[in-house]
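[1] Here is my input; please provide its structure:
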Amino acid sequence: MSTSQKYFDPETLARIRPLGLRARTLVEGLVSGSHRSPLRGHSIEFAQHREYVPGDDLRQVDWKVYARSDKYYLKQYEDETSLIAYLLVDHSESMLYCGQPSGLNKLQYAQLLAYSLAYLVVEQQDYAALMTFSDAIDGWLPPSGSPTQLEDMIGVMEQASNNQRTDLAQVIEQVTQRLSRRGLVILISDMLDDIDRMLRAMRLLKFAGHDVLVMHVLDRDEVEFPFDTMTRFEGLEKLPQVVTDPLLIAGAYRKAISEFCQALEVGCRKMDVDYFRVLTTESLAVALPKLLASRSARGF
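    Next up is the predicted model:
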């Protein structure tokens, strides 16, 4: 692992306790890397010509056209305003799970993903906003392109509580109602909720004109189910504990989680929602470039 990549490693980051220090360490790795942003910045593109009328700004005259036609025409431009990335971070209780080899729990990993993407957005002079949620939106940082936005994001994420259940459908509906300006909505969550309700709510976001990216964060244990001795599984989000022999349920569990992830991905793709799954054991030096490459491949 290179010097820059070690800053993206979950085990390395786990040894740094404060979120702010983790984030700044991660940014040091970002700065030393060469990662493209998943977002286009604002630009001004030529749209059309129109005839000059008295009072128009002569600086907008296209003199090349005048040389060919002996007539005055103005260049008109289409202004593409700065893009807003709305980062939604799930801090419900299930996000606290951390398997033995992971280093970071799902929430910590999600927070660093959000911070990394916000850093890339602000660096290219676009705007980042943050919402934290569980069964409802409870933290909101309005869009800004200021470098201080990154420190403010850390403050909002650190203040979020983690003892609530997930209601992603309700949260997405609240987001749709709250956002008055179209942008890129990046949902960072373990997505452990009812798929049909989630997809119906996401459809509302798409109808409102937003681009949507789902970052599905899971612990490796949740996918591979490596347990092989009698185990007590502690329920999160008010679910009861279960004592069982994992070998009796491993096959059915793995089948269920595989079908869940597949159904979620297929449902997202059908709506033209980007779906990207990442495990918390995966280095951010791997996860981030993969994400940016997948966005770039779509011409975004």
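[2] So what sits opposite the nearest residue to Gln60 once chain neighbours are set aside in the bridge?
    Leaving aside its sequence neighbours, Gln60 sits nearest to Leu74 (CB to CB, 6 or more residues apart in numbering; 4.4 Å). Every C-beta, even on glycine, is put in place using the N, C-alpha and C of the backbone. Under the criterion DSSP bridges, Leu74 forms beta bridges with Arg50, Val61.
[3] From Lys206, how far out is the nearest residue to Ser144 once chain neighbours are set aside?
    Residue nearest to Ser144 in three dimensions, not counting chain neighbours: Tyr127, with 6.1 Å by CB to CB, 6+ apart. The spacing between Tyr127 and Lys206, counted by CB to CB, to the nearest Å, is 21 Å.
[4] Among those two, which residue is more densely surrounded?
    Between Tyr127 and Lys206, counting by other CB atoms under 10 Å, Tyr127 is the more crowded of the two (23 against 15).
[5] Mind listing the strands the helix or strand where Tyr275 lies pairs with, and their directions?
    Take DSSP states H and E as the rule and Tyr275 turns out to sit in strand 274-279. Here strand 274-279 has these sheet partners by DSSP bridges: strand 211-218 (parallel).
[6] How about residues contacting the partner strand?
    Contacting residues not belonging to strand 211-218 are listed as 38, 95, 106, 109-110, 113, 183-191, 202, 205-206, 261, 264, 268, 271, 273-280, 291, 295, 300 [CB atoms under 8 Å, 6 or more residues apart in numbering].
[7] after it, next one along is what?
    Moving toward the C-terminus from strand 211-218, the next helix or strand (DSSP H and E) is helix 220-224.
[8] The residue nearest to Glu51 when sequence neighbours are not counted: neighbouring residues, count only.
    Among residues not flanking Glu51 along the chain, Tyr73 sits closest, at 6.0 Å (CB to CB, 6+ apart). Counted by other CB under 10 Å, the residues lying close to Tyr73 total 18.
[9] and Tyr73, how far is that from Phe276?
    Tyr73 is 46 Å from Phe276, where distance means CB to CB.
[10] likewise Leu264?
    In terms of CB to CB, Leu264 sits 11 Å off from Phe276.
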